[in-house]
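>>> Below are the sequence and a predicted model for it; my questions follow.
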Amino acid sequence: MNRPLPTDEYVEQAHLFESLAKQVTLELERQQPLQVLLQWLKQEVLATTKLPLALDYMIGEMKHVGTIGTAFTKLPHYFSTFQSYLINEAESERGRFDIWQAFRILQQDAQLRASGATPNAMFFFQFETLCRNRLSYDHGIEAMSRDFFYDPIWSAWILSVRHKIGLVDLTDLVYVHSQHCLDNETRRLDAEVAPPEPLLFSEKEGRIALANRHKEPLFFFSSLQRHLGIPATPLLPKPNESSRLLPKLARDVERLEVRIRLLEEEQKQKGIDLSQFYEKYSKPPRGLDE
């Protein structure tokens, strides 16, 4: 089984994905192709990590296949299955998941891994990513369960969630496997109660889950972010329309000038001169009209 990478690797991954995600905020004429960006960033990342080798492989896949998702899939010891899933979904022709949004999420994902986040925080972050971006629960949860960030107990439980998520609310699943549920059952029965298998969530997480039953799942994630400091899934920024505003205004002014000129000609009772719209043909060579 693959194991989590050293902290330095995740710090450099976060820097790589942050640099790639910044391209979406640039003006259209300043944006660079992905292959060129990878070439530049290869010189910038820390050479003592394994990331330059991974970038070499990604650049090679870009040249031969045209995608980087295949490189993520072929490097399962370096990139997690959830990271590979996001990139492959972003490069899918049938999907609507933007690759720049995938880079922003991967940046936050790498920062969580570098900061030593708990499996609880990582689970809520990844599940919110699936919800907000309307990704496949079936394939997404399976990718989460095979992520080497989780131990076998967490992986088995996440895989079981895959088969229950359409039938049972996430808040109910979290509450049942929380310390808060165990305490409530102990008080209700006034006797010692065996803990649920497995006991994964704390008393506060269970209380928040109980308070958000039968509500929109995003309200549950917002409550966790407010009370427990769990990071939110990045949202795709709105495109900057200022660079396109002036050309659009110039075209609109040209159309208005043409309409005003036509109205002036019509008001002078001369009619509209249609000859200006005729296409001018060059004189045919001698002999063709004979």
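Ah, there it is. What you see is a predicted model, and the numbers here were worked out from it, not measured in a lab.
>>> Can you name the residues that contact Leu228?
Ala121, Lys204, Glu205, Ile208 (CB atoms under 8 Å, 6 or more residues apart in numbering). To be clear about C-beta, it is placed using only N, CA and C from the backbone, and glycine gets the same treatment.
>>> nearest to Gly140, of the residues you listed?
Ala121 (17.4 Å; CB to CB).
>>> Contacts for stretch 47-54, please.
Leu5, Asp8, Glu9, Glu12, Gln13, Leu16, Lys42, Val45, Ala71, Leu75, Tyr78, Phe79.
>>> try it again with 10 Å
With CB atoms under 10 Å, 6 or more residues apart in numbering as the test, stretch 47-54 has contacts from 5-6, 8-13, 15-16, 41-46, 58, 68, 71-72, 75, 77-79.
>>> Filter those down to the buried ones and hand me the ChimeraX line.
Selection of buried members from the contacts of stretch 47-54 for ChimeraX, criterion 16 or more other CB atoms under 10 Å:
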select :5,9,10,11,12,13,15,16,41,42,45,58,68,71,72,75,78,79
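>>> Let's see which of the contacts of stretch 47-54 end up in helices.
Of those, the ones assigned to helices by DSSP state H are 8-13, 15-16, 41-44, 58, 71-72.
>>> Just give me the closest of these to Leu262.
Leu41 (54.3 Å).
>>> Look up how far Ala54 lies from that closest one.
According to CB to CB, to the nearest Å, Leu41 and Ala54 sit 11 Å apart.
>>> Over to Ala209?
37 Å.
>>> More neighbours: which of those two?
Ala209 (25 against 22; other CB atoms under 10 Å).
>>> So that one sits against Val176, correct?
Yes - using CB atoms under 10 Å, Ala209 and Val176 qualify as a contacting pair, with a distance of 8.9 Å.
>>> what do these two both touch?
Going by CB under 10 Å, 6+ apart, residues that sit against Ala209 and also against Val176 are Phe201.
>>> Would you mind measuring from the residue nearest the centre of the chain to Ser19?
The residue lying closest to the centre of the chain (CA atoms, centre = their mean) is Ala102, at 3.1 Å. Distance, Ala102 to Ser19, by CB to CB: 14 Å.
>>> Then Cys131?
27 Å.
>>> can you check Leu55 too?
12 Å.
>>> domain parsing for the protein?
1-116, 118-237 (automatic domain parsing).
>>> so which of those gets nearest Leu246?
Closest among those, using CB to CB: domain 1-116, at 12.0 Å.
>>> avg pLDDT for the helix or strand harbouring Phe123?
Using DSSP states H and E, the element containing Phe123 is helix 119-132. Average pLDDT, helix 119-132: 93.
>>> repeat for stretch 33-44
Per-residue scores along stretch 33-44 average to 85.
>>> Just confirm Pro4 contacts Leu112, I think it does.
No - contact criterion CB under 10 Å: Pro4 and Leu112 do not qualify, at 11.4 Å.
>>> Settle it for me: which of the two has more neighbours?
Using other CB under 10 Å as the criterion, Pro4 and Leu112 rank with Leu112 on top: 20 against 14.
>>> got a pLDDT number for that one?
The model's pLDDT for Leu112 equals 92.
>>> and what of the one 4 residues further on?
Model confidence at Gly116, given as pLDDT, is 87.
>>> any weak-confidence spans in the stretch 101-250 of the chain?
The stretch 101-250 of the chain contains residues with pLDDT under 70 at 191, 236-244.
>>> where along it do the helices fall?
119-132, 137-145, 152-164, 170-176, 179-189, 203-211, 217-228, 242-267 (DSSP state H, counting those that start in this stretch).
>>> of all those helices, which lies closest to Leu235?
Of all the helices of the stretch 101-250 of the chain, it is helix 119-132 that lies closest to Leu235, at 7.2 Å by CB to CB.
>>> Kindly export that closest one (C-alpha atoms) in CSV.
C-alpha atoms of helix 119-132 as CSV (Å, rounded to 0.1, in the frame of the first residue of the first chain):
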residue,chain,number,x,y,z
PRO,A,119,-8.9,12.3,8.3
ASN,A,120,-12.1,13.9,9.4
ALA,A,121,-11.1,17.3,7.9
MET,A,122,-9.9,15.6,4.7
PHE,A,123,-13.1,13.6,4.3
PHE,A,124,-15.4,16.6,4.7
PHE,A,125,-13.2,18.7,2.3
GLN,A,126,-13.2,16.0,-0.4
PHE,A,127,-16.9,15.3,0.0
GLU,A,128,-17.8,19.0,-0.3
THR,A,129,-15.7,19.1,-3.4
LEU,A,130,-17.9,16.4,-5.0
CYS,A,131,-21.0,18.2,-3.9
ARG,A,132,-20.2,21.7,-5.0
